[in-house]
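**Q** Next come a sequence and a model predicted from it.
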Amino acid sequence: MCGGEKLNIEVVHRAHKHFFVAHESDFISYVQNQIYEMIGVRPSNQKLLAPHKARSLVEAIRTGVADTTRLKDVGAFDHMRLTLIGAPDHEVEEVQMEEARWDRSLKPSRSLHPSMLKVTRPHRSAIMATDPVFNQCAVHPSTPKTHPFYTKALEYLERLASDPAILHICHARGLKIGKLTELLPHENPELLGLNVNKGESILLRIRTDAADGMRDYKTTRRVLIHELCHNEVCTLFSNHVEISDHSPEFKILNSQLNREVDEFERKRVEGTHYLSTATVYEPVQPVDVDVNEEREERRLLILHATEKRLAEMDQELESQCGGTKRDG
Ligand code: NI
């Protein structure tokens, strides 16, 4: 990052807002790289729409001089809003794999002599989607395998580590966690979650305070999302200034990840989780509101109440999270 006036930049992608800070002497490619890091859309797949005042930014990208043109030379300004169209890498990969599956299923099958298969190896891209996000799930070491809670706790941790919505947000950002394990209620009564060494391990309180059962799954998953943010905010800003835990950037990312999880699940339920690499126009505001207005209003009321409750929960969580602790 270079010097000059600070520019707060907002990027809108699929109705989600993303924020980052650049400086007027940064090259345009800095913006492209920030977008790649935050949203996963690589520069070659980014189609950016800029405000009229900064329209030459788009022109500079189009003519291939983003690496040598500074933001101040294309009229970039503080609180500038860019609209991004383009598919993130993980979606492109999924589409490519889906296409490959189709190709294979459409090809006439032919049997090969075993000797011809000897030197074949599985294709690398097939490994990527199944790459584990969590390397290991471990019950608290004080609980022996024979303890009635052992299997319950392990299954609970494994459910979190294989939760499709969690895997979705982790794959989108290339997040890797070493060990997912637990914090016992009596150990650190003030903590619900802890991220050690940027994801080397994440510890979650999964047993109830009385240790007679398991905590509500969705609440714990929200704590996990919070802890995952500690990885991501560190990654995002590692080249920049030190950012304290639970900074505004952290809060924005945390609500964004929670929204992505909700959206992922909603689409799964609706069965419309389609993927597309095509650049399509996506209106920021839904325009189709003339039907079921009353139902929509009621839905919004419930949604606002839920959002308020969740915001309060996140606020509470911040005081019950150990942040990113560094070991040794
Ligand atoms: Ni925290």
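**A** Now that the structure is in, tell me what you want to look at.
**Q** ok, so what distance separates the spatially closest residue to residue 157 that is not a sequence neighbour from residue 224?
**A** Distances taken as C-beta to C-beta, 6 or more residues apart in numbering place residue 137 nearest to residue 157, at 4.0 Å, with adjacent residues excluded. For glycine as for every other residue, the C-beta is placed from the backbone atoms N, C-alpha and C. Distance from residue 137 to residue 224, counting by C-beta to C-beta, to the nearest Å: 12 Å.
**Q** in the chain, which spans are strands?
**A** 6-13, 16-23, 47-49, 80-85, 134-138, 177-182, 193-196, 201-204, 321-325 (DSSP state E).
**Q** Quick one: closest of these to the ion.
**A** Smallest distance to the ion across the strands of the chain (C-beta to the ion): 3.0 Å, for strand 321-325.
**Q** Quick check: residue 232 touching residue 170?
**A** No. Between residue 232 and residue 170 there is no contact under C-beta atoms under 8 Å: 9.6 Å.
**Q** what pLDDT does the closest residue to residue 189 other than its chain neighbours get?
**A** The shortest distance from residue 189 to any non-neighbouring residue, by C-beta to C-beta, 6+ apart, is to residue 209 (7.9 Å). Looking at residue 209, its pLDDT is 84.
**Q** Tell me how far residue 209 lies from residue 192.
**A** 11 Å.
**Q** Settle it for me: which of those two has more neighbours?
**A** More crowded of residue 209 and residue 192, by other C-beta atoms under 10 Å: residue 192, with 24 against 10.
**Q** which stretches of the stretch 101-250 of the chain have low pLDDT?
**A** Applying pLDDT under 70 to the stretch 101-250 of the chain picks out residues 101-130, 234-244.
**Q** now the helices for the stretch 151-300 of the chain?
**A** 164-173, 217-236, 248-270, 293-319 (DSSP state H, counting those that start in this stretch).
**Q** what's the answer for the stretch 1-150 of the chain, then?
**A** Using DSSP H, counting those that start in this stretch, helices in the stretch 1-150 of the chain cover 28-39, 55-62, 89-106, 114-117, 124-130, 148-161.
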